[in-house]
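# here's a sequence, model it:
(chains A and B)
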Amino acid sequence: MQQTRSVEIGTGLFALLGMSALFFLTTQTTGGDRFSADDTYEVEAWFDNVGSLKSRAPVAMSGVTIGRVTSVTFDAQRLQAKVVFEIDSKYGAIPDDSDASILTSGLLGSQYIGLQAGGSEDNLEDGSEIFFVQDAIVLENLIGKFLVSSGSGDDE
Amino acid sequence: MRSIFRDIYNNIFEFVQTFGAFQLFFLRLVRHAPRMLVRRPGLIIKQVYNAGALSLVIIMVCGFFVGGVLALQGYANLARFNAEDSVGTVVALALIKELGPVITALLFAGRAGTALSSEIGLMKATDQLSAMEMMAVNPVRRVLVPRFVGGVISMPLLVAVFTCIGLFGANVVAVYLLSVDVGAFWQQMQLSVDIKDIQEGVFKSIVFGIVASLLAVWEGYNTIPTAEGVGRATTRTVVITAIAVLILDFMITAVML
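Okay, the predicted model is just below:
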């Protein structure tokens, strides 16, 4: 009897330890930039080039995450990339002439959308579109432009 | 010349037959498992204790040092690119997706699988299984199913413990030995580890748990009932489990990536 009890206690401790380990893994090692809000509104923006922006990328304003990209798709009619992202309803008072740019966190980090406040009286609401956008900076294009411009500079 | 072909033919035939018998055996265990879980949970708890709780020490010690060595190696190589802060990412992804499930499965085969197959093999060699049948007790249900289910339950828990201790070991080595910033270590990890990675690790651990326990029970049940046979069954358990786990790991990774 005593022995079955110790076996049961040992098994129980083992199971608890294993489950808490699993819990630790799922909560502590994942999702540093996890954004969760109960109430959100969706905004869309059209880009010529989204770089390596992916869905679930953060949307930040003044460096603070206020939302997350829900989808990045290519529209065959407009020949542009359509980015839909959701913003926490807490931040409802964002002017509708704000501009969205695709930025990179760090030199080689992941890409995110940075919003810069505009001056309009009206605010962004569910389904509205951001018209002022700035594409992702592609390093190769940048280097290409630099080479071309420095080359033409030498000729003159 | 003809006898060679016949040998090859016989070998292939035998392999296919064994493989089929193995699958039927698996189905038999699975069929009895739910009823045993409800009716005799005590038996299964005892096996979880044997296979899982008693394996904790080896799992934790190995996990700590595997995590530590990953941190050392990761740091040494990442330092070339001035990316020492990413050591957390490297260690976490390697442990969660690959090394946690695989090394735990190999250790499990060595620690618990051998115990299972030699125990069952010795039961067979000493006619205990036949005695049960004489008493109208189904040895598959009474002996094999609790051991199989116990192993299957233990494995994911052991993998989770191994991975956590590994991360802890990596944290100790990286932060205290190599003076990586502790905030950077965890933040870089959290930025790049996705819930999908953990799902992949858990899925692998469940598959490996089934495979390792099943092979151990199978080898024990099919032991040649002699002293030598028990020894051979124990060896075969470790060898076949190691091969099966590594091949399956490759296949699962290829499918899931």
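# how is chain A partitioned into domains?
A:1-30, A:40-143 (automatic domain parsing).
# got a list of what residue B:84 touches?
B:75, B:78, B:178, B:180 (Cβ atoms under 8 Å, 6 or more residues apart in numbering or on different chains). Glycine gets a C-beta too; all of them are placed from N, C-alpha and C.
# longest strand in chain A, please.
strand A:64-75 (DSSP state E).
# ok, residue B:105 touching residue B:244?
No - the pair residue B:105 / residue B:244 is not scored as a contact, 9.1 Å apart, by Cβ atoms under 8 Å.
# please name the nearest non-neighbouring residue to residue A:122.
residue A:96 (4.8 Å; Cβ to Cβ, 6 or more residues apart in numbering or on different chains).
# which helix or strand in the chain has the lowest average pLDDT?
Defaulting to chain A. Every helix and strand of chain A was ranked by mean pLDDT, DSSP states H and E. The lowest is helix A:139-155, at a mean of 75.
# correction: the question concerned chain B.
helix B:182-192 (a mean of 81).
# tell me which element the spatially closest residue to residue B:106 that is not a sequence neighbour is part of?
Nearest residue to residue B:106, sequence neighbours excluded (Cβ to Cβ, 6+ apart): residue B:242, at 5.8 Å. Taking DSSP states H and E as the definition, residue B:242 sits inside helix B:227-256.
# now find how far off-centre that helix is within its chain.
9 Å (Cα atoms, centre = their mean, to the nearest Å).
# now stretch B:120-133
26 Å.
# same question for stretch A:137-148.
Distance, stretch centre to chain centre, for stretch A:137-148: 25 Å (Cα atoms, centre = their mean).
# list the buried ones in it?
Under the neighbour-count criterion of 16 or more other Cβ atoms under 10 Å in any protein chain shown, stretch A:137-148 has nothing buried.
# again with stretch B:168-176
Going by neighbour count (16+ other Cβ under 10 Å), the buried part of stretch B:168-176 is B:168-171, B:173-175.
# what is the neighbour count of residue A:116?
Other residues near residue A:116 come to 13 when the count uses other Cβ atoms under 10 Å in any protein chain shown.
# no, scratch that, I was asking about residue A:7
Neighbour tally, residue A:7, other Cβ under 10 Å: 18.
# can you name the residue of chain A nearest chain B?
When scored by Cβ to the nearest Cβ, chain A has residue A:18 as its residue closest to chain B, at 2.5 Å.
# pretty sure that residue is touching residue B:157, no?
Yes - the pair residue A:18 / residue B:157 is scored as a contact, 2.5 Å apart, by Cβ under 8 Å.
# gap between the residue of chain A closest to chain B and residue B:164?
Distance check for residue A:18 against residue B:164: by Cβ to Cβ, to the nearest Å, it reads 9 Å.
# and the least confident helix or strand of chain A, how far out from the chain middle?
Centroid displacement of helix A:139-155 relative to its chain, using Cα atoms, centre = their mean, is 31 Å.
# one more: stretch B:121-135?
Using Cα atoms, centre = their mean, the mean C-alpha position of stretch B:121-135 is found 27 Å from that of the whole chain.
# got the buried residues for it?
B:121-125, B:129, B:132.
# pLDDT and distance to chain A added to the residues you listed, as a markdown table?
What follows is the buried residues of stretch B:121-135, written out as a markdown table (pLDDT from 0 to 100; distance: Cβ to the nearest Cβ, whole Å):
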| residue | pLDDT | distance to chain A |
| --- | --- | --- |
| B:121 | 92 | 23 |
| B:122 | 92 | 21 |
| B:123 | 91 | 20 |
| B:124 | 90 | 24 |
| B:125 | 90 | 26 |
| B:129 | 88 | 23 |
| B:132 | 90 | 21 |
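# out of the buried residues of stretch B:168-176, which is nearest to chain A?
Of the buried residues of stretch B:168-176, the one sitting nearest to chain A (Cβ to the nearest Cβ) turns out to be residue B:168, at 9.7 Å.
# that closest one is in what secondary structure piece?
Using DSSP H and E, residue B:168 sits in helix B:145-171.
# residues in contact with the residue of chain A closest to chain B?
Residue A:18 neighbours (Cβ under 8 Å, 6+ apart): B:52, B:156-158, B:160-161.
# how about the residues of the stretch 151-257 of chain B that lie near chain A?
Counting by Cβ under 8 Å from any Cβ of the partner chain, the residues of the stretch 151-257 of chain B close to chain A are B:154, B:156-158, B:160-161, B:163-164, B:167, B:186-187, B:189-191, B:193-195, B:197-198, B:201-202.
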